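Colleague: Take a look and give me a structure for this.
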Amino acid sequence: MESKINIHLKKQMFLLIGLISSFVFSQTPVTYTANPTNAQINTALNGNNISITGGTLNFGSRTLQIATFTGGTAAALQMSNGVFFGTGNVAKLLTTNTETASTDDILTAATFSDPDLSLIDATATNDVVSYSFTVTLGPKATSLSIGYQLGSEEYPDYVGSNYDDALGFFVTGPGISGTANLARLPNNSPTSINKVNFGLQGSSGSSVPAFDGTQSALYMNNGHDTAVSGGKLVPNTNPGPFPIAVQFNGITRLITYTLSGLTPNGTYTFKIVIADAGDATLDTGVFIDNIYATATLVANNDSYTIVSGSSSINSVLNNDSVNGTAPATLSDVLLSQISTTNAGVTLNPLTGQINVAPGTPSGTYAVTYQICDQTFTSNCKTAVATIIVQTDFDGDGV
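Modeller: Here you go, the predicted model:
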């Protein structure tokens, strides 16, 4: 395999082409604050139904490797604001793509082995940044979620190689056996260059066992070549266009991972770690939207037989649950009707009963409703109540 340094030098001849192309299709870079305080980091990470406190930089350069940012949507990120952690200088990485292989050796000759990240890749010890803090869940929350996008200059050439820059969101606390990693893809694989990519090995790929090309739907090309030679992508010259205003040649779509089975009001230690694997060459970074907690809601379908002009005896909530406890109650959830197939058949959101107006003809109707977590109203589940309406008293409402 040709060394990364030699390839990097060869690629500089294409810089002018990349600069010209960047003006053809570009967005507005984020507005960022480098060297943020713990309070600024924690505020930017703090989402619904949690409290983030404390803050320890375990390793890395706060000045060079960490930034809070706004304007993510204008930069074509799939988040508006958040926190960035990178293995290179934020001043370079949070700009438009002008280099085929951006590299910063942040801590020259210094490596750091995080015990949790080492379980994912023992060689991920270069340009490490590691930050820890405390998360306390809300009174009904049993699930913890994080949204993020991983970008890298290892894309696309070193996909399928041992230079598998890695990421971890490590959590410990009540309800967790050992340490959980929230930096995972929907297929539960840990997030790294070899696990989410364009779908093909790069020109310097070597068919390592860690390579997975099946998650390309989660990946966005930010200007690199897509031609194929010998089953691999050709060496990248950064022809553009560059749809996302970041330095990285590739970046994942917004990935959200949820850890369930946690304890309401529980306190957890949360650690963010990102590192270059194999060497300190070529930078990788992660944009984090926020961290939030939710209750675990289950809404199940219902069926009723109701006489026209009357109501169901039971609430639709009798068949639903919050954190495994049924029935759900109106002190825990917000109840609302989404739709009905007959205007005379409706849900009473104050009681959960199904009302059938007088004169409603016999037939089978459907009311679609949702329950939402009162402590985080974006957390909702939907179900359908099927109602058989009778026009005589042969049946009884249930």
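Colleague: How far off centre is stretch 320-338?
Modeller: On the basis of Cα atoms, centre = their mean, to the nearest Å, stretch 320-338 sits 26 Å off its chain's mean C-alpha point.
Colleague: what's in contact with it?
Modeller: 140, 142, 264, 295-300, 315-319, 346-347, 349-350, 352, 367-374, 377, 381-383 (Cβ atoms under 8 Å, 6 or more residues apart in numbering). Glycine gets a C-beta too; all of them are placed from N, C-alpha and C.
Colleague: ok, how many other residues are close to residue 164?
Modeller: 26 (other Cβ atoms under 10 Å).
Colleague: circling back to that earlier point, ok, of the contacts of stretch 320-338, which come out buried?
Modeller: 140, 142, 264, 295-297, 299, 315-317, 319, 346-347, 352, 367, 369-373, 381, 383 (16 or more other Cβ atoms under 10 Å).
Colleague: Take the residues you listed and keep only those in helices.
Modeller: Among the buried ones among the contacts of stretch 320-338, none falls in helices (DSSP state H).
Colleague: Please flag which of the residues you listed sit within strands.
Modeller: In this view, the buried ones among the contacts of stretch 320-338 that belong to strands under DSSP state E are 297, 346, 347, 367, 369, 370, 371, 372, 373, 381, 383.
Colleague: Could you find which two of the residues you listed are furthest from each other?
Modeller: Distance extremes for those: the farthest pair is 346 and 373 at 23.3 Å, using Cβ to Cβ.
Colleague: lowest confidence element among the helices and strands of this structure?
Modeller: helix 15-22 (a mean of 43; mean pLDDT, DSSP states H and E).
Colleague: which residues of this protein score low on pLDDT?
Modeller: Residue ranges of the chain with pLDDT under 70: 1-26, 393-398.
Colleague: for it, what spans make up the helices?
Modeller: Remark: helices assigned in the chain by DSSP H are 4-11, 15-22, 38-45, 62-65, 90-93.
Colleague: contacting residues around the last one?
Modeller: Where contact means Cβ under 8 Å, 6+ apart, the residues beyond helix 90-93 that reach it are 32, 34, 64-67, 84, 86, 102, 104, 151, 246-248, 283, 285.
Colleague: Can I get stretch 126-138 as PDB, trimmed to CA atoms?
Modeller: Provided in PDB are the C-alpha atoms of stretch 126-138 (Å, rounded to 0.1, in the frame of the first residue of the first chain):
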ATOM      1  CA  ASN A 126      -3.900   9.500  17.900                       C
ATOM      2  CA  ASP A 127      -5.200  13.000  18.100                       C
ATOM      3  CA  VAL A 128      -7.700  11.900  20.700                       C
ATOM      4  CA  VAL A 129     -10.200  14.200  22.300                       C
ATOM      5  CA  SER A 130     -12.200  12.900  25.300                       C
ATOM      6  CA  TYR A 131     -14.800  14.800  27.300                       C
ATOM      7  CA  SER A 132     -16.900  13.500  30.200                       C
ATOM      8  CA  PHE A 133     -19.900  14.900  32.100                       C
ATOM      9  CA  THR A 134     -22.900  13.900  34.100                       C
ATOM     10  CA  VAL A 135     -26.400  13.400  32.800                       C
ATOM     11  CA  THR A 136     -29.500  13.200  35.100                       C
ATOM     12  CA  LEU A 137     -32.700  11.900  33.500                       C
ATOM     13  CA  GLY A 138     -36.100  13.400  34.000                       C
END
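Colleague: can you give me the strands in the stretch 51-200 of the chain?
Modeller: Here the stretch 51-200 of the chain has its strands, by DSSP state E, counting those that start in this stretch, at 66-70, 82-86, 124-137, 143-152, 166-172, 180-181.
Colleague: okay, how far is it across stretch 334-348, tip to tip?
Modeller: Chord length of stretch 334-348, first to last residue, is 12 Å (Cα to Cα, to the nearest Å).
Colleague: actually stretch 50-67, not the one I wrote
Modeller: By Cα to Cα, the extent of stretch 50-67 from end to end equals 21 Å.
Colleague: chain center to that stretch: distance?
Modeller: For stretch 50-67, the distance to the chain centre is 19 Å (Cα atoms, centre = their mean).
Colleague: Can you mark which positions in it are buried?
Modeller: 50, 52, 55, 59, 60, 61, 62, 64, 65, 66, 67.
Colleague: Those into a markdown table, with extra columns for distance to residue 229?
Modeller: Converted to a markdown table, the buried residues of stretch 50-67 look like this (distance: Cβ to Cβ, whole Å):
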| residue | distance to residue 229 |
| --- | --- |
| 50 | 48 |
| 52 | 48 |
| 55 | 47 |
| 59 | 40 |
| 60 | 38 |
| 61 | 39 |
| 62 | 42 |
| 64 | 37 |
| 65 | 35 |
| 66 | 39 |
| 67 | 37 |
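Colleague: What is the most widely separated pair among these?
Modeller: 50 and 64 (28.2 Å).
Colleague: Quick check: residue 106 touching residue 85?
Modeller: No. Using Cβ atoms under 8 Å, residue 106 is not in contact with residue 85, being 11.7 Å away.
Colleague: Nice, that's everything, thank you.
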